[in-house]
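# Using only what follows, build the 3D model:
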Amino acid sequence: MIKIGLEAHIPINRVKTKLFCSCSLPEETSEPNAYTCVTCLGHPGSKPVLNKEAVNHALKLALALNFKVNNEIFFSRKNYFYPDMSKNFQITQYEIPLGTNGFIQLDNKKIGLKRIHLEEDPASFIHPDGMQKSSYVLVDYNRAGMPLCEIVTEAEIESPEEAREFLKKLISIIGYLGIYNPDKNPIKVDANISIKEKEYVKVEIKNISGFKEVERALSYEIDRQKNSKNVEQETRAWDSSKGMTFPLRQKEGEIDYGYIFEGDLVKVEFTKEIMNKAKKEIPELGHEKVKRYLKEYKIDKKDAEVLAQEYRLAVLFEKVAEEVNPVLAARWLRRELLKVLNYNKKNIEELELDESHLIDLLSLVESKQITDTNAKKILEKLIEKPFDVKEYVKKEGLRVIAKRDELDEICNKAINDNKKAIEDYKKGEEKALNFVIGQVMKLTKGQANPDIVRKIILEKIR
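Okay, here's the model as predicted:
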């Protein structure tokens, strides 16, 4: 049996300033140590001031994750001597966090969430030759002091695959709330893992980025523990290039941090008005949309789950489904649109086209004015740069040829040029007929209606 607990660190980066000072949030390309001040560096005499917007974002996240929010919270100092916090402590929450006892519902089980708390992000380390080989380390304090939400699960996850499913659900909820920009900072995960064969000795893997990497790291660590004579309680790091974990230090306990109350910050009280306002600002979430899509649009469950996973994709689908058959819209957005985006190495946030382009395209598909093949080619071009779909179809002459008098002569040519295929079909080879139909499609540049072509050819060869 396997027990896995996750600690997900969510950067609350859709705010203007850091958590306790007026420093702007840095970009990935920012000069090192350019976004700092006496407060986020902890100079003597400096005083932290709490970012109200960051607190409101964190509150919405807590409510969306079904946490019991504490009416009153305060901050503490987590004391440790390490260069990622130049003041030798991190302002975080310990005794009374933002919320406790939340949960995320997976397909087959509910994963309990122990706590959610708000804290400042530490600085980032740069290891010029990698963590294990570098003879020195550089410290960039740009990130120090940025708002960070830590979500701690119960040790109820039972496999690497389940851990990945959990994180996908979590990221979906965060995406709907609009509190996190993935282009600015990655979400990092610490994973605690223990197995029955080794008497559940807990090992922690620090700072893993990405769903796949979490799954890979956990899979490796399970195998390592099963094949080790002795497993020690320790903290390890994940090397994604080598696909292995390596030891960092012996696992510390909470008592080692010597938490004390942060006297420079006052307590925060969540009134009924604040709570009600936060609840109203939470949109319909992905799992709620899935239920509605199944009832309202009667689409396939898997299509509904994929479409509801990302907020922008869900909004796009709903707008298209107002004008086009929802089943058709769901199939094209889930399969064709996402396939083309993946091929072009783009995500849904980078999509330039809007619902009008897709409505025009799928309306032509629905009315059988263009073939699926040509529609897919048009979609590929739309991803590169949006254009007027109807005008393009007219200009390129892509409308389906469905009139018999237009297709008769072309079908005659295909039959006469492929007599062996016709004979093979008459002998029972169905593929031979499909080949002849394909020749008609080729001659018409994909414009012929294949169903009508099939009917015409069968009539002519009988």
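# How confident is the prediction for the closest residue to Gly175 other than its chain neighbours, by pLDDT?
Counting by C-beta to C-beta, 6 or more residues apart in numbering, Tyr311 is the residue found nearest to Gly175 once chain neighbours are left out, at 5.0 Å. In short, each C-beta sits where N, CA and C put it, glycine included. Here the pLDDT value assigned to Tyr311 is 94.
# so His117 touches Thr92, yeah?
Yes. The pair His117 / Thr92 is scored as a contact, 6.5 Å apart, by C-beta atoms under 8 Å.
# Contact partners for Asp121?
Going by C-beta atoms under 8 Å, 6 or more residues apart in numbering, Asp121 touches 9, 11, 143-148.
# quick check, nearest of those residues to Leu248?
Of all the contacts of Asp121, Leu248 sits closest to His9, with 16.7 Å by C-beta to C-beta.
# can you give me the helices in the stretch 151-300 of the chain?
160-177, 211-226, 272-280, 286-296 (DSSP state H, counting those that start in this stretch).
# Repeat that for the stretch 1-150 of the chain.
Assigned by DSSP H, counting those that start in this stretch, the helices in the stretch 1-150 of the chain fall at 52-64.
# so which of the contacts of Asp121 is the most crowded?
Among those, the one with the most neighbours (other C-beta atoms under 10 Å) is Gly145, at 30 neighbours.
# Quickly note the distance from that residue to Lys445.
The gap separating Gly145 from Lys445 is 60 Å, by C-beta to C-beta, to the nearest Å.
# circling back to that earlier point, and the helices of the stretch 151-300 of the chain, which is most packed in?
Of all the helices of the stretch 151-300 of the chain, helix 160-177 carries the top mean neighbour count, a mean of 20, counting by mean count of other C-beta atoms under 10 Å.
# tell me the angle of that helix relative to helix 286-296?
Interaxial angle, helix 160-177 versus helix 286-296 (axes from the mean of the first three to the mean of the last three C-alpha atoms, to 10 degrees): 80 degrees.
# ok so, going back, show the contacting residues for the residue nearest to Gly175.
Tyr311 neighbours (C-beta under 8 Å, 6+ apart): 175-176, 178, 283, 286.
# farthest-separated two in those residues?
Across these, the longest distance by C-beta to C-beta is 13.3 Å; it joins Gly178 and Gly286.
# who touches both of His117 and Thr92?
Both His117 and Thr92 are in contact with Glu150, where contact means C-beta under 8 Å, 6+ apart.
# the more surrounded of the two?
More crowded of His117 and Thr92, by other C-beta under 10 Å: His117, with 22 against 19.
# Dump the contacts of Asp121 to CSV, plus distance to Phe435.
Formatted as CSV, the contacts of Asp121 follow (distance: C-beta to C-beta, whole Å):
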residue, distance to Phe435
His9, 57
Pro11, 56
Arg143, 61
Ala144, 67
Gly145, 67
Met146, 62
Pro147, 62
Leu148, 61
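# the helices in the stretch 301-450 of the chain, which residues?
Under DSSP H, counting those that start in this stretch, the stretch 301-450 of the chain gives helices at 301-309, 311-321, 326-331, 338-343, 355-366, 372-384, 389-396, 404-417, 419-426, 430-443, 450-461.
# how much does the first one deviate in direction from helix 160-177?
Read it as helix 301-309. Interaxial angle of helix 301-309 relative to helix 160-177 (the same axes, to 10 degrees): 50 degrees.
# and the angle from helix 301-309 to helix 311-321?
Angle between the axes of helix 301-309 and helix 311-321 is 120 degrees (criterion: the same axes, to 10 degrees).
# Also the last one?
For helix 450-461 against helix 311-321, the angle by the same axes, to 10 degrees is 50 degrees.
# Helix 450-461 - contacts with which helices or strands?
In terms of contacts (3 or more C-beta pairs under 8 Å, 6 or more residues apart in numbering; DSSP states H and E), helix 450-461 is packed against helix 404-417, helix 419-426, helix 430-443.
# Spatially nearest residue to Val389, not counting backbone neighbours?
Using C-beta to C-beta, 6+ apart and skipping the chain neighbours, the partner closest in space to Val389 is Asp360 (4.0 Å).
# List the contacts of the one you found.
388-390.
# ok, so of the residues you listed, who is nearest Lys420?
Closest to Lys420, out of all of the contacts of Asp360 and judged by C-beta to C-beta, is Val389, at 40.0 Å.
# Now do the same contact list for the spatially closest residue to Ala314 that is not a sequence neighbour.
Using C-beta to C-beta, 6+ apart and skipping the chain neighbours, the partner closest in space to Ala314 is Ala308 (5.1 Å). Going by C-beta under 8 Å, 6+ apart, Ala308 touches 172, 286-287, 289-290, 293, 314.
# Any idea which of the helices of the stretch 301-450 of the chain gets closest to Lys52?
Nearest to Lys52, of those and by C-beta to C-beta, is helix 311-321 at 24.2 Å.
# export that closest one as PDB, just CAs?
Extracted in PDB, the C-alpha atoms of helix 311-321 (Å, rounded to 0.1, in the frame of the first residue of the first chain):
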ATOM      1  CA  TYR A 311     -12.100  28.000 -18.300                       C
ATOM      2  CA  ARG A 312     -11.400  29.700 -21.700                       C
ATOM      3  CA  LEU A 313     -12.200  26.500 -23.600                       C
ATOM      4  CA  ALA A 314     -15.500  26.100 -21.700                       C
ATOM      5  CA  VAL A 315     -16.500  29.700 -22.500                       C
ATOM      6  CA  LEU A 316     -15.600  29.200 -26.100                       C
ATOM      7  CA  PHE A 317     -17.700  26.000 -26.300                       C
ATOM      8  CA  GLU A 318     -20.700  27.600 -24.700                       C
ATOM      9  CA  LYS A 319     -20.700  30.500 -27.200                       C
ATOM     10  CA  VAL A 320     -20.300  28.200 -30.200                       C
ATOM     11  CA  ALA A 321     -23.000  25.800 -28.900                       C
END
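# what's the pLDDT at Glu252?
62.
# before we move on, what about Tyr80?
Here the pLDDT value assigned to Tyr80 is 88.
# So it sits against Arg249, correct?
No. Contact criterion C-beta under 8 Å: Tyr80 and Arg249 do not qualify, at 11.6 Å.
# which of the two has more neighbours?
Each of Tyr80 and Arg249 has its neighbours counted (other C-beta under 10 Å); Tyr80 has more, 15 against 11.
# For that one, give me its contacts.
Applying C-beta under 8 Å, 6+ apart, the residues near Tyr80 are 88-90, 256-257.
# Rebuild the contacts of Ala308 as CSV, extending it with distance to Gly263.
Below are these laid out as CSV (distance: C-beta to C-beta, whole Å):
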residue, distance to Gly263
Ser172, 39
Gly286, 41
His287, 42
Lys289, 45
Val290, 47
Tyr293, 51
Ala314, 45
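# Now the two most distant members of these.
Comparing every pair within the contacts of Ala308 by C-beta to C-beta identifies Ser172 and Tyr293 as the most remote, at 14.2 Å.
# domain assignment for this structure?
Using automatic domain parsing, the domains assigned to the chain come out as 2-276, 284-396, 404-461.
# just the contacts of Asp121 now: which is nearest Glu221?
Glu221 lies nearest to His9 out of these, by C-beta to C-beta, at 19.0 Å.
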